[in-house]
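**Q** Got a sequence here, can you build the structure:
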Amino acid sequence: MLNISKNSVHSKINREQYASFREVESKQSGKIMIRLLTVFSTIALLVMFIPWTQNIRSKGKVTTLKPDQRPQTIHSIIAGRIEKWYVQEGDFVHKGDTILYISEIKDEYFDPNLLSRTEEQLQSKEMAVNSYMEKVKALDSQIDALVQTSRLKLQQADNKLKQARLKVVSDSIDYQAAIINFEIAEEQYNRMQQLYNDGLKSLTDLEKRKMTMQKAQADMVSAENKMLTSQNEVINAEVELTSIEAQYRDDIAKAESDKYTAMSNMYDAEAVVTKLQNQYMNYSMRTGFYYITAPQDGYITKAIQWGIGETIKEGTSIVSIMPARYDLAVEMYVKPLDLPLLEKGQHVRIQFDGWPAIVFSGWPNTSYGTYGGEVFAIDNFISDNGMYRILVSPDREDHPWPEALRVGAGTSSIVLLNDVPIWYELWRKINGFPPDYYAVVNYSSKDKK
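**A** Below you'll find the predicted structure:
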């Protein structure tokens, strides 16, 4: 009762009759409390010096080490209409097994004889290319013949020109001889005229000399005429030589022009042939895309598209597949503050969802139900969630991970750091300090020097 009255009842109550009063007012309870506090303080003081493993805890999920072992979706390369399914959800498929068949929905591919018609066009263009090639060869032969003929004609004309020039020289000599003969005859005639005037020669002798002079003059005129004719022949030979050069130059230029035109047409036809070959291969490859096959061995997990007659676009996801063989790993995320504490090969303890475990984060050796792992890879860039992704692979020296484990299962990971006393860990957390950043490195005596 509360002592709010001035009337005391202590003298009216016998406390020895009540066990509660005896226990409370007994001095032994105080001694026991002191002993308990002493024991607990001693135990707490000893616990402060027990080793504690610093760690980083993070949630994550199960994934695979290699990208090709992760769940994927199978897409349609071309647009089409679903005609027939060959699998159902949960089926195991081998690489190359048909999953479904689609038909064409684009009007430019409706022709059932599209490949054969394209092949015929290709063969026609190839024949056109061969025809142009043969025409180019024929024009090359024609050009060679024209070059050879022009060479011979030019040699012939050049020889004719040389003959004409030699004839001019010969006629010039004859003309000079005729001039000399005429001059001699004229001198003889003049002397004979003097002798006739002096009465030493007869008129008959004078007339003979006159005839001889006139004949020499006629020969001189004839030689001059021949010389002029030979000079004209030289000019005609030069004109003919120039004409032959111009004629064959025009013929060769025309043949070369026809050749280049044929070559241009041939190149155009070859470009069309290449385009048709590309088109034919595209059509041929497209026919193979009507059957959508499995890219690897795995299990069909979910059909994203369904039904018969449904149309799909290019790149549309059709089904999801889980590879049959994969190497498991754990994907976890750590804060940027904890990233410098991690390095490849660092030990990690992992607790998988669905597997019971007793976890003591500071004493990993006393935990039960956790599995070992090692840091396999560390991202060098931050993720969208503001943390860095860490990939953990199984520890070969620890217990193997559960066989029933599947990709996508949740995990709780503990990255093990340095071993420190508990008092140090409490002091660090109270002050908000991060775990130790340094790593122990053993130096040799030579390195110390």
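
**Q** Check the gap between the residue in the chain sticking out farthest from the centre and residue 210 for me.
**A** For the chain, the C-alpha farthest from the mean C-alpha position belongs to residue 199; by CA atoms, centre = their mean, that distance is 122.6 Å. If you measure residue 199 against residue 210 using CB to CB, to the nearest Å, the figure is 18 Å. From N, CA and C alone the C-beta is placed, and that goes for glycine too.

**Q** if I've got this straight, the residue farthest from the centre of the chain is in a strand?
**A** No - secondary structure of residue 199 (DSSP: H, G, I helix; E, B strand; the rest coil): coil, not part of a strand.

**Q** how far away is it from residue 100?
**A** Relative to residue 100, residue 199 is positioned 146 Å away (criterion: CB to CB).

**Q** same thing with residue 62?
**A** With the distance defined as CB to CB, residue 62 ends up 30 Å from residue 100.

**Q** Those two - which one has more neighbours?
**A** Set side by side, residue 62 and residue 100 show unequal neighbour counts under other CB atoms under 10 Å, the larger going to residue 100 at 23 against 20.

**Q** beta partners for the more buried one?
**A** residue 85, residue 292 (DSSP bridges).

**Q** Would you check that it makes contact with residue 84?
**A** Yes - taking CB atoms under 8 Å as the contact criterion, residue 100 and residue 84 are neighbours in contact, 6.4 Å apart.

**Q** Let me know the average pLDDT across the strand or helix carrying residue 54.
**A** In this structure, residue 54 sits in strand 51-64 according to DSSP states H and E. Here strand 51-64 scores 84 as its mean pLDDT.

**Q** Repeat that for stretch 175-189.
**A** Rounded mean pLDDT across stretch 175-189 is 85.

**Q** what's the answer for stretch 250-266, then?
**A** Regarding stretch 250-266, the rounded mean pLDDT is 90.

**Q** Now that stretch: buried residues?
**A** Of the residues in stretch 250-266, 251-252, 255, 258-259, 262, 265-266 count as buried by neighbour count, 16 or more other CB atoms under 10 Å.

**Q** Sitting in strands, which of those do you find?
**A** Restricting those to those inside strands, with DSSP state E as the criterion, leaves an empty set.

**Q** Inside helices: which ones of those residues?
**A** 251-252, 255, 258-259, 262, 265-266 (DSSP state H).

**Q** need these in CSV with distance to residue 409, can you?
**A** Shown next, in CSV, are these (distance: CB to CB, whole Å):
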residue, distance to residue 409
251, 88
252, 84
255, 81
258, 78
259, 75
262, 72
265, 68
266, 66
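
**Q** Spatially, which two of those are the most separated?
**A** With CB to CB as the measure, no two of these lie farther apart than 251 and 266, at 22.3 Å.

**Q** quick one on the thing from earlier: among the buried residues of stretch 250-266, which one sits closest to residue 19?
**A** Each of the buried residues of stretch 250-266 was scored against residue 19 by CB to CB, and residue 266 proved nearest at 123.9 Å.

**Q** State the distance from that closest one to residue 142.
**A** In this structure, residue 266 lies at 17 Å from residue 142, with CB to CB as the measure.

**Q** Got the domain ranges for this protein?
**A** The record's domain split for the chain, according to automatic domain parsing, is 10-47, 52-68+326-448, 71-104+291-322, 114-288.

**Q** Tell me which stretches of the stretch 301-449 of the chain form helices.
**A** Ranges of helices in the stretch 301-449 of the chain, per DSSP state H, counting those that start in this stretch, are 422-431, 445-448.

**Q** Could you give the backbone dihedrals for residue 306?
**A** Note on residue 306: backbone dihedrals following degrees, to the nearest 10 are phi -150, psi 170.

**Q** Could you tell me the per-residue confidence at it?
**A** On pLDDT, residue 306 comes in at 84.

**Q** number of nearby residues for it?
**A** Neighbourhood size, residue 306 [other CB under 10 Å]: 11.

**Q** Ok, the one 10 residues further on next?
**A** Residue 316 has 15 neighbouring residues, counting by other CB under 10 Å.

**Q** cool, and residue 388?
**A** Once other CB under 10 Å is used to define contacts, residue 388 is seen to have 19 neighbours.

**Q** What's the separation between it and residue 63?
**A** Shown here: residue 388 relative to residue 63, a distance of 15 Å by CB to CB.

**Q** before we move on, what about residue 140?
**A** Spatial separation of residue 140 from residue 63 under the definition CB to CB is 68 Å.

**Q** more crowded one of these two?
**A** Shown here are residue 140 and residue 63; by other CB under 10 Å, residue 63 has more neighbours (23 against 13).

**Q** Report the spatially closest residue to residue 122, excluding sequence-adjacent ones.
**A** Leaving out its chain neighbours, the residue that sits closest to residue 122 by CB to CB, 6 or more residues apart in numbering is residue 276, at 4.4 Å.
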